[in-house]
Structure formats: C-alpha cells, structure tokens
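Undergrad: Build me a structure from this.
(chains A and B)
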Amino acid sequence: MTLVLDGISKKVGASVHVDDVHLTLERGSLNVLLGATLSGKTSLMRLMAGLDAPTSGRVLVDGQDVTGWPVQRRSVAMVYQQFINYPSLTVYENIASPLRVSGVARSEIDERVRDAARLLKLEPYLDRKPLNLSGGQQQRTAIARALVKRADLVLLDEPLANLDYKLREELREELPRVFAASGAIFVYATTEPSEALLLGGNTATLFQGRVTQFGPTPQTYRQPHDLVTARVFSDPPLNTLKVRKSDGAATLSTGGQVPASGPLAGVPDGEYTVGFRAHHLNLEPTGTHEITIPATVSVAEITGSESYVHLDAGDHRFVALVPGVRRLEPRSPVTAYLDPRRLFLFDEDGRLASADPSQKAA
Amino acid sequence: MTGSVAIGPTDTKARATPLAMNKAVPRPRVNGRAIVMGLYLLFLMLPIYWLVNMSLKTNAEITSGLTLWPQDLTFDNYRTIFTDESWYSGYINSLTYVLINTVLSISFALPAAYAFSRYRFLGDKHLFFWLLTNRMAPPAVFALPFFNLYSAVGLFDTPWAVALAHCLFNVPLAVWILEGFMSGVPREIDETAAIDGYSFPRFFVKIFMPLIASGIGVAAFFCFMFSWVELLLARTLTSVNAKPIAATMTRTVSAAGMDWGLLAAAGVLTIVPGALVIWFVRNYIAKGFALGRV
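TA: Numbers count the residues shown, from 1 in each chain, chains lettered A, B, ... in the order given. Reported below is the predicted structural model:
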C-alpha cells in the first residue's frame, strides 16, 4: 500500500503539533522520522496510525481517503518508546492478541506467534508475564506483537530509546531485517542522526511540526536543502558562522578574511550563514586553500579512538571531531582548518545557497 | 539540623546524668513497646470481645453483674436470629440493597471514571470535584426529599429505594477511587489495544478491567461498607418489607425489656460480612483510602 499525507496539520489549542505535512510513503519502504524531542514525530505517527484525526488535510491509503477512520479499521501496528504490553497476559497471549481479535484460526495463531518469538528470541519466555522480563525482552514482545499482525503500516516510536547500548545496537540491526519481508511501510522515529544513517532508507527531518526535507537518508544528510535540516541532521551539532561576501573575498564573523572559494565563489555578494559538520573541522592542515580559524580550546572529550574538541573562536563555539586521542589543555590556542568545499552555504532565509556539487561528505 | 548540632554539648551532658544513675541503680528491663502495643490492642478489641461475650450469655447473667466470660454458655441468641424471620429477613434485606447498590455504583462509576481519567472535556475538573462534594452533605439532608420522591413513585419500602439512595454517596466515591487506579494504567495500553483491533467494549472488559481489578475490589469494598453501616436513609426509606438489620436492632425493645443477648448476637453477625469483605481487599485498602493515588 501507499500512504499519502496530504497537507495534514494537527493543532491542540493554540499550539501546532504538526504543520502542513506532505509525505508519500511507498510500500516496503523504510522511513525514518528524525527530529528533536517535541518536533512532532509522535504526533505525526499518531496521525498516520489514525489514533488522532488531523485538524486539516487528508490521509490517503492507496488513493482512498481514510481520514477519520478509527484505528481498528486500519492495518497498523505500533511500538512505543515505553515498553507497552498487556501486564495481565502472558508473553504468548500478548503476541497472539491482534490475531485473536481478528479471528485467525488457532493453529495458525500458534504458528505465527512461535515464528515471531523465534525471530525475536522470545521462545524461552512465552509463558511469563511481561513485567517479569527485562526491558529488552519487554520491547521484543511489543515488537513481536507488531510483527505477527502483518500490518501494512508499522510505526516504531523511538523503540530503542529506553534500552541500554548493547541491546540497542542489536535490535537496531534486527528491526529492518525482521520487517523487510512483510512488505509493510516501516516508519521509525528517532532523535539520533546516527540512528537514521545506520537504518538507511528515507529520512524525513522534522522541526517544530514541519517536515523540512524528505528523501533518501544519505541524500538528506549530504544535501540538506536548508539550515534547519542540516541542524536536525547533525550530531554533534552543526557548526555555523556568518560570512559577508564582497568583491571576491569573504569576511568571517570569527574575524579574518578569506578568498571566496568553494561554494562561496558561485554566489552573489551578501550575507550568508556557513554550516559545517564537526568532522570537517581539522586541527591540522590537510590541503591547500583551506580556511584557517584561530581558536582556543574549551574542552577536549575523548571517545576511545576519536576526540571531540570544543573550540572558542570569537563569539562562536565550534566542535571538531578529530581522529586519535588529543590531550589539549583548556585555553590553549590552536588553529582550526576548514576545507571550503565542505561548507554548506545558507542565505539569510536559511535556504541552501550553494554547496559544492562534488561534495561527498560522509 | 543545625540547631541540634549547636546544642550538642549540653545535650550530651543532660543525657549523661540519667545514664549514670541507671548504672548505679539497676532496674528490671521494661519493654515499653510491648506495653503500648498491648494496651492499644486491648482497647481496640475490648468492645468486640464484650459484644461476643454478651452474645454467648443469657440475659439473666448479663444483667446480674460483671463476668469476664460466659458462666452459662448459650447459643440460644444465635438460634433465635437464624430461625425467627423478623430477624434473619433483616440481614437478607440489608444484603440485598447493599449488593444492588455495590453493583450499581461500580457499573456507573467504571465508565465515568474512565472518562475522567482519559478525556479532557469542558468543565471536567469541576465536575470531578463536584462529585466529591456530594459526600460532604450529611445523609439526613437527603432523607426527606428521598422519602417524598420514593413514596410518590412507589419505590418506598423496597431494597431499590435504599440502594438508589446510597448511590448518591457511593458513585462519587467509586469514581474517585477508580479514576486513581485507571490513571495508573498507561494510556498507550488503550491505544495498543485499539491498534490490535479490540473494539472499545471488548478492550474494556478483557484488557482494562483485569488491570484495575484491585481498584474495582477496593471501590466495591468501600461501597459495601458505607451501604452496610448507613442507618439513617436505610431506616427512613423502609418500613416493613425491606427493613434493614440495623433498623431491626434499634427497634428491639420488647414488653419484656431489652433483650441484651439477642442484640449482642445480632451485632456480632453484623460485623461478620464486613470482616469477610475486608479480607479480600486487605492488600489494597491503603491505596483505596488514598483514592487510588499512591
């Protein structure tokens, strides 16, 4: 099936939860909703599921208008961030519950429940109550229940956020694989850009209830159409600074002037915002024509084989992700190097003015 | 905290003196806690013991003087109650309207509490509070209007009269208790059930009610208890056919004077149902007194 959200909005009182969203989700596709907390991911999912009715706009399934249909009439499965199971039922009955309601034959229920349990490694726990299981097992139960239903639309609302690191890695790998066979539209909400990149598929970036961009995940990551999308899809946060271009030279808001090269070369004179990701800011020169920014070290965080170095440059705070363990004393002066070809250039309205077309940032 | 630190030195000195005296004159150890607890239990149990004690005595023994246990053990009082219709019908009448009331209260309170717990609607908070204010008026206020109304519609002297009148107090209480228990169940469970395909009634009975079973038990207990002990409305709204046991007990002054033993036996039997019901919900009572909000 194809799910089309046709200009849907959701307002609760004066606050806008979802703002004029147009999305087309294809059968068998994996779609990531990426956005910070309160950006409208959950609200959007609830509209897709039919748990809420949109204030305006239409929801179409295979061309049919299903706006306002009760959720029972739709083919939807959902997994929440909190581990939601029926506490009074065993794991087996929890997984079987959607099948029991729809009147599937007893033998088929058993088969499908055991298949799902095997896939999600729940077989030893089928007779237990969910509250006697670990968090990971509880969430697997919820996922298994979503799986057995063979719904056309599978919604996962930050399903791994409450799990510990190891389990999260494991389940994240399994999830798309588990649902891939079903041909369902798979929608996965997350706050983490890295999770979106790991899942692949398509990504819709959300900001204040609006979908700022929707497209294949790597493309959305590498070619953000505007500053907001670039910010949403950057972790650590996107570094930005202001430039004023005039007469073939660019004045940086951190001080200093550089020749207008890279994306800066092709735009008319004026004020721009430059955005660049942490791993494009280096502490050693890597090529020619680089922009150099004098800065002082604020903090250096070491994450095993890489270091996050927080830099102060004028009024700006930058983060550089550099390889290796760097022991840098706070307040020690450093020079940061930036390849102009790695820049995103946004105009005053935050729209992408220019990025180097050859950019293959990853 | 700082205060006690400041007076620390003087404090120790003051305590040092009696300690030294204790050493000089050894006294037998007295378990203060046991004494307090023992006295508490004694005062608590004494009236109940006295009631049971009386119910097993003859009237002659009761009126003749103080005896701590029955000198002349008799079960005649109980025999009378179980064989004389004017007595046992009192229990049947009471149980009838109590059960009707409990079932009515819970069945009305369940959907109401669900609405208060899950939906936001105009004036919901005010309405919710207003429910509880029904309990703030003494039952006597309502005795006259109820009497007049039920006489007019022919409900007077039926178990339904009392059962319906008690709903005025029990439905709000049950709504408050159940709302607390229901709000402890995550809303996502409702939604998951809807997504799974449960219709609302089916979800409510098969999924939701088992989750708040203890709440239903506690609410039922409170309805039962109130209805069982309430005397004023029960007596005003009945005369003969639906006369409750509490009314029977207060009217038993015969030509031969007070029948003490019989009254005591009736009293013991009146305690029993409450004690039985409380046994089933003993683990949830505290949460019930907190109106489900623990």
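Undergrad: Where does the prediction get shaky in the chain?
TA: No chain in the question, so chain A it is. A:355-362 (pLDDT under 70).
Undergrad: wrong one, chain B
TA: B:1-26, B:251-257, B:292, B:294.
Undergrad: could you redo the last one with a cut-off of 50?
TA: Along chain B, segments meeting pLDDT under 50 span B:1-20.
Undergrad: which helix is the longest one in it?
TA: Criterion DSSP state H: the longest helix present in chain B is helix B:85-118.
Undergrad: Going by neighbour count, which residues of that one are buried?
TA: B:87-91, B:93-102, B:104-106, B:109-110, B:112-117 (16 or more other Cβ atoms under 10 Å in any protein chain shown). Every C-beta, even on glycine, is put in place using the N, C-alpha and C of the backbone.
Undergrad: do stretch A:278-289 as well
TA: A:A278, A:H279, A:H280, A:L281, A:N282, A:L283.
Undergrad: Kindly indicate which of these lies nearest chain B.
TA: Distance to chain B, by Cβ to the nearest Cβ, is smallest for A:A278 among these, at 35.9 Å.
Undergrad: related to what we said a few turns ago, how about the longest helix of chain B, does it get close to chain A?
TA: No. Applying Cβ under 8 Å from any Cβ of the partner chain, one finds helix B:85-118 out of contact with chain A, separated by at least 12.7 Å.
Undergrad: what's the offset of that helix from the middle of its chain?
TA: Distance of helix B:85-118 from the chain centroid (Cα atoms, centre = their mean, to the nearest Å) equals 13 Å.
Undergrad: cool, and stretch A:331-341?
TA: 29 Å.
Undergrad: how long is that stretch end to end?
TA: 29 Å (Cα to Cα, to the nearest Å).
Undergrad: what's the span of stretch A:81-88, first residue to last?
TA: 20 Å.
Undergrad: contacting residues for the closest residue to B:G197 other than its chain neighbours?
TA: Once flanking residues are discounted, B:G197 sits nearest to A:V101: 4.1 Å by Cβ to Cβ, 6 or more residues apart in numbering or on different chains. Residues in contact with A:V101 (Cβ atoms under 8 Å, 6 or more residues apart in numbering or on different chains) are B:D196, B:G197, B:Y198, B:R202.
Undergrad: what's the distance between the residue of the stretch 101-250 of chain A found nearest chain B and A:I109?
TA: Residue nearest to chain B within the stretch 101-250 of chain A: A:V101 (4.1 Å; Cβ to the nearest Cβ). A:V101 sits 11 Å away from A:I109, going by Cβ to Cβ, to the nearest Å.
Undergrad: partner residues bridging the nearest residue to A:P268 once chain neighbours are set aside?
TA: Take A:P268 and drop its neighbours on the chain: the residue closest to it by Cβ to Cβ, 6+ apart is A:K245, 7.8 Å away. Beta-bridge partners of A:K245, counted by DSSP bridges, are A:A250, A:G270.
Undergrad: So A:K245 sits against A:T273, correct?
TA: No. If you go by Cβ atoms under 8 Å, A:K245 and A:T273 don't touch, sitting 11.8 Å apart.
Undergrad: what residues are up against the residue positioned nearest the centre of chain B?
TA: Centroid-nearest residue in chain B, with Cα atoms, centre = their mean: B:M225, separated by 3.4 Å. Residues counted as contacts of B:M225 (Cβ under 8 Å, 6+ apart) are B:G274, B:V277.
Undergrad: May I have the one helix or strand it maps to as CSV, with CA atoms only?
TA: Using DSSP states H and E, B:M225 sits within helix B:213-229. Taking Å, rounded to 0.1, in the frame of the first residue of the first chain, the C-alpha atoms of helix B:213-229 are listed here in CSV:
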residue,chain,number,x,y,z
ALA,B,213,-9.1,-5.4,39.3
SER,B,214,-7.7,-4.4,42.7
GLY,B,215,-9.2,-1.0,42.2
ILE,B,216,-12.6,-2.4,41.4
GLY,B,217,-12.3,-4.6,44.5
VAL,B,218,-11.4,-1.7,46.7
ALA,B,219,-14.2,0.5,45.3
ALA,B,220,-16.7,-2.3,45.8
PHE,B,221,-15.5,-2.7,49.4
PHE,B,222,-16.0,1.0,50.1
CYS,B,223,-19.5,0.9,48.6
PHE,B,224,-20.3,-2.2,50.5
MET,B,225,-19.0,-0.8,53.8
PHE,B,226,-20.8,2.5,53.5
SER,B,227,-24.1,0.9,52.5
TRP,B,228,-23.8,-1.7,55.2
VAL,B,229,-23.3,0.7,58.1
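Undergrad: could you give the angle of that helix to helix B:85-118?
TA: Going by axes from the mean of the first three to the mean of the last three Cα atoms, to 10 degrees, helix B:213-229 is angled at 140 degrees with respect to helix B:85-118.
Undergrad: Counting neighbours, which bits of helix B:213-229 end up buried?
TA: B:215-228.
Undergrad: With distance to A:L47 as extra columns, can I get those residues in a markdown table?
TA: Below are those laid out as a markdown table (distance: Cβ to Cβ, whole Å):
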| residue | distance to A:L47 |
| --- | --- |
| B:G215 | 32 |
| B:I216 | 34 |
| B:G217 | 38 |
| B:V218 | 38 |
| B:A219 | 36 |
| B:A220 | 40 |
| B:F221 | 43 |
| B:F222 | 41 |
| B:C223 | 41 |
| B:F224 | 45 |
| B:M225 | 47 |
| B:F226 | 45 |
| B:S227 | 47 |
| B:W228 | 50 |
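Undergrad: Just name the closest of the residues you listed to B:T67, please.
TA: B:W228 (30.9 Å; Cβ to Cβ).
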